[in-house]
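K.L.:
Output the structure for:
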Amino acid sequence: MKIVFDTYAWIEYFNGTKKGHIVEKYLNENNVLTPSMVLLELSYKADKEKWDFKKFFSFIKGHSQITGLNENFILSFGGIYNKIKKQIKDIGMADVVVLQTAIINEAKILTGDKHFNKIDSAIML
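P.N.:
Model (predicted):
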């Protein structure tokens, strides 16, 4: 199964929490995708928390496929973002990038972010 790891999932994994152990099972048993937007959020968090982001980034690159933006993604993003904003008022752009990555790749989303509670493709930690 293809599964998109949200920032939340990676943070739980790297912090070694109970939820992180659940994330590890998904990491070992699935085709994992990590949107580049998630890497930007992790970079910010790592700098703020004084983590060794190079180490985490190297691990993510070795254990998941990094996905980016292409023309199709960009052209369809506005429609998806506006549609989901009607359902989840306070969802942010980064979350919608994760959602669209899952839609395009016919994947599930692994997260604990409350914004995904109403998303059918979300696996909530």
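
K.L.:
by contact count, what packs against the helix of greatest length in the chain?
P.N.:
The longest helix of the chain (DSSP state H) is helix 71-87. For helix 71-87, the packing partners by 3 or more CB pairs under 8 Å, 6 or more residues apart in numbering; DSSP states H and E come out as helix 93-104. Every C-beta, even on glycine, is put in place using the N, C-alpha and C of the backbone.

K.L.:
Quick check: nearest residue in space to Ile103, chain neighbours excluded?
P.N.:
Excluding the flanking residues, the one nearest Ile103 by CB to CB, 6 or more residues apart in numbering is Ile80, at 7.0 Å.

K.L.:
per-residue pLDDT, the one you found?
P.N.:
At Ile80, the predicted lDDT confidence score is 94.

K.L.:
Break down this protein into its strands, ranges please.
P.N.:
Taking DSSP state E, the strands of the chain run over residues 2-5, 31-35, 65-67, 108-111, 122-124.

K.L.:
what's in contact with the third one?
P.N.:
Strand 65-67 is contacted by residues 31-36, 39, 60, 101, 105 when judged by CB atoms under 8 Å, 6 or more residues apart in numbering.

K.L.:
Could you dump these into JSON lines with pLDDT, distance to Ile11 and neighbour count added?
P.N.:
Shown next, in JSON lines, are those (pLDDT from 0 to 100; distance: CB to CB, whole Å; neighbours: other CB atoms under 10 Å):
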{"residue": "Asn31", "pLDDT": "96", "distance to Ile11": "21", "neighbour count": "11"}
{"residue": "Val32", "pLDDT": "98", "distance to Ile11": "15", "neighbour count": "22"}
{"residue": "Leu33", "pLDDT": "98", "distance to Ile11": "17", "neighbour count": "21"}
{"residue": "Thr34", "pLDDT": "98", "distance to Ile11": "12", "neighbour count": "24"}
{"residue": "Pro35", "pLDDT": "98", "distance to Ile11": "15", "neighbour count": "26"}
{"residue": "Ser36", "pLDDT": "97", "distance to Ile11": "17", "neighbour count": "12"}
{"residue": "Leu39", "pLDDT": "98", "distance to Ile11": "12", "neighbour count": "19"}
{"residue": "Ile60", "pLDDT": "97", "distance to Ile11": "12", "neighbour count": "22"}
{"residue": "Thr101", "pLDDT": "97", "distance to Ile11": "18", "neighbour count": "25"}
{"residue": "Asn105", "pLDDT": "96", "distance to Ile11": "22", "neighbour count": "16"}
